[in-house]
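J.: Build me a model:
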Amino acid sequence: MTRESSLDTRGETFFLNLRFMLIVTVFVANAIEPLILEMSGLHTLYQWIFSFHMPLFVLVTGYFARKSLNGAAGRKVLLQIGLQYIIFQSLYSALDISLFHVNNIQHSFFAPYLLLWFLASHAFWRLLMLGMSRWSKIAQFAFAIAAGVAVGYLQLDGIWFSISRTFVYLPFFVIGFHFSFGAFVKLYQQYVKTAAAAASLLLLVVMGLAGRDLPMGWLFGSMTYMQLGAHEWYAGVFRLAVYGLQFAASLAFLGLVPYGLSRMTDLGRRTLYVFLLHGFIVRAAAVSGLYAYIGNAAGAALLIAGAVSCTVLLAQPAVRRMLNPLVEPSVDWMISLQRAAIRRSL
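T.: Residues are numbered from 1 along each chain as shown. Okay, here's the model as predicted:
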């Protein structure tokens, strides 16, 4: 095995480990959200998670996208994302209308239902990367930062087409797409990795002491400056400051991620199932009245343990075997129809 292929293998292992750790934080954050205004400890945990988990999730997505961005593989991925979006937007919307009744939800295919913004944005990130393919890496990153700042000035609701999050998180997709694991390993030697991990835990403590002064809306990335109450012309500077926090928090959290192959690595291969399905569990728990019985630290700990356990459960191979047609629907029939249409037009 060459040194380059060895680095690719180690890089894939590292990012699969990271992907599983991130999906755990996604599930935990969504599970504790109904209680963050009532329990300060959960608010701190929620805020700490949001300082890094979506930026890093987008970075990981960019890292794995570079193997399937162009050509037939890229078209197939885009078709599958589109089909996944149609399926789960329909399912979540139908259940919301009949059972969940989440406040302030727009039931439209142009307004992704809660977590489904990621599917819409993922498709746009891929299209944007294709459009920027001839640019230098620096130009791509500069455009991504500029667009992330500029999108906040639009006078519209940022949820439509997931336009706000698409551009706010674009810099992290660009970084992931061009990420050099070899350079990362050289930088994150053991002492640096340990210091980064300590910094991440220190950030958790700092947020517990002073974090309530930071409006959470800035970390969501889903709202324009107008929606965030920042009407000044220099509101973009605040977003740049949030970028600084997210970059620092993400670099720190990377210190907690193991390099080695483990059970976590295998679970990291099936995070898509956790991501698309966990919303059903969280919303069902909310309408069941479960949260009315959680009012102390012990109850909060049990809730977090339940979220972690459900994450592991949804990432099991058995879940993939049962729900593969739903979560990873085949698009071969769509490709066949496209080819047939092209042949008829010739």
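
J.: From now on I want contacts and neighbour counts done on CA atoms only, so please keep to that.
T.: Will do.

J.: what about residue 41, neighbour count?
T.: By the measure other CA atoms under 10 Å, the count of residues near residue 41 is 16.

J.: so the residue lying closest to it once chain neighbours are set aside is in which element?
T.: Closest residue to residue 41 apart from its sequence neighbours, by CA to CA, 6 or more residues apart in numbering: residue 208 at 7.2 Å. For residue 208, the host element (DSSP states H and E) is helix 190-210.

J.: since we're on residue 85, how many residues are nearby?
T.: So residue 85, with other CA under 10 Å, has 22 neighbours.

J.: Helix, strand, or coil at residue 38?
T.: coil (DSSP: H, G, I helix; E, B strand; the rest coil).

J.: An error on my part: the question was meant for residue 338.
T.: From three-state DSSP, the assignment for residue 338 is helix.

J.: So what's the residue count around it?
T.: Using other CA under 10 Å, the number of residues around residue 338 comes to 12.

J.: Look up how far residue 130 lies from it.
T.: Distance, residue 338 to residue 130, by CA to CA, to the nearest Å: 21 Å.

J.: Give me the helix or strand of the chain that scores worst on average pLDDT.
T.: Across the helices and strands of the chain, the lowest-confidence element by mean pLDDT, DSSP states H and E is helix 332-345, at a mean of 81.

J.: Go through that one and flag the buried ones.
T.: Within helix 332-345, no residue counts as buried by 16 or more other CA atoms under 10 Å.

J.: How far does the helix holding residue 208 sit from its chain's centre?
T.: Offset of helix 190-210 from its chain centre (CA atoms, centre = their mean, to the nearest Å): 21 Å.

J.: And stretch 334-346, by the same measure?
T.: 34 Å.

J.: try stretch 291-308
T.: Distance, centroid of stretch 291-308 to centroid of chain: 24 Å (CA atoms, centre = their mean).

J.: Stretch 168-182 too?
T.: Using CA atoms, centre = their mean, the offset of stretch 168-182 from its chain centre is 13 Å.

J.: same thing with stretch 112-132?
T.: 11 Å.

J.: which residues sit against that stretch?
T.: 61, 65, 69-70, 78, 81-82, 84-85, 88-89, 92-93, 105-107, 111, 140, 159-163, 165-166, 170, 173-174, 276, 279 (CA atoms under 8 Å, 6 or more residues apart in numbering).

J.: Same question for stretch 275-292.
T.: Contacts for stretch 275-292 (CA under 8 Å, 6+ apart): 23, 26-27, 30-31, 34-35, 88, 92, 99-100, 115-116, 310-311, 314, 327.

J.: Buried residues in the longest helix anywhere in the chain, which are they?
T.: Longest helix in the chain, counting residues (DSSP state H): helix 3-32. Of all the residues in helix 3-32, those buried under the rule 16+ other CA under 10 Å are 7, 10-32.

J.: same thing with stretch 278-295?
T.: 278, 279, 282, 283, 286, 291, 294.

J.: can you give me the mean pLDDT across it?
T.: Stretch 278-295 shows a mean pLDDT of 94.

J.: Count the neighbours of residue 319 for me.
T.: For residue 319, the tally of surrounding residues (other CA under 10 Å) stands at 14.

J.: How about residue 147?
T.: Around residue 147 there are 18 residues (other CA under 10 Å).

J.: OK, contacts around it?
T.: So residue 147 contacts 167, 168 (CA under 8 Å, 6+ apart).

J.: Equivalent analysis for residue 220, please.
T.: residue 50.

J.: Need the per-residue pLDDT for it.
T.: 94.

J.: Next: residue 211.
T.: pLDDT, residue 211: 68.

J.: List the ones among the contacts of stretch 112-132 that fall in strands.
T.: Using DSSP state E, no member of the contacts of stretch 112-132 falls within strands.

J.: Write the ChimeraX selection for whichever of the residues you listed are buried.
T.: Of the contacts of stretch 112-132, the buried ones go into a single ChimeraX selection, burial set by 16+ other CA under 10 Å:
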select :61,65,69,70,78,81,82,84,85,88,89,92,93,107,111,140,159,160,161,162,163,165,166,170,173,174,276,279
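
J.: Report the secondary structure state of residue 155.
T.: Per three-state DSSP, residue 155 ends up coil.

J.: Hmm, it is touching residue 223, no?
T.: No: assessed by CA atoms under 8 Å, residue 155 is found out of contact with residue 223, at 10.4 Å.
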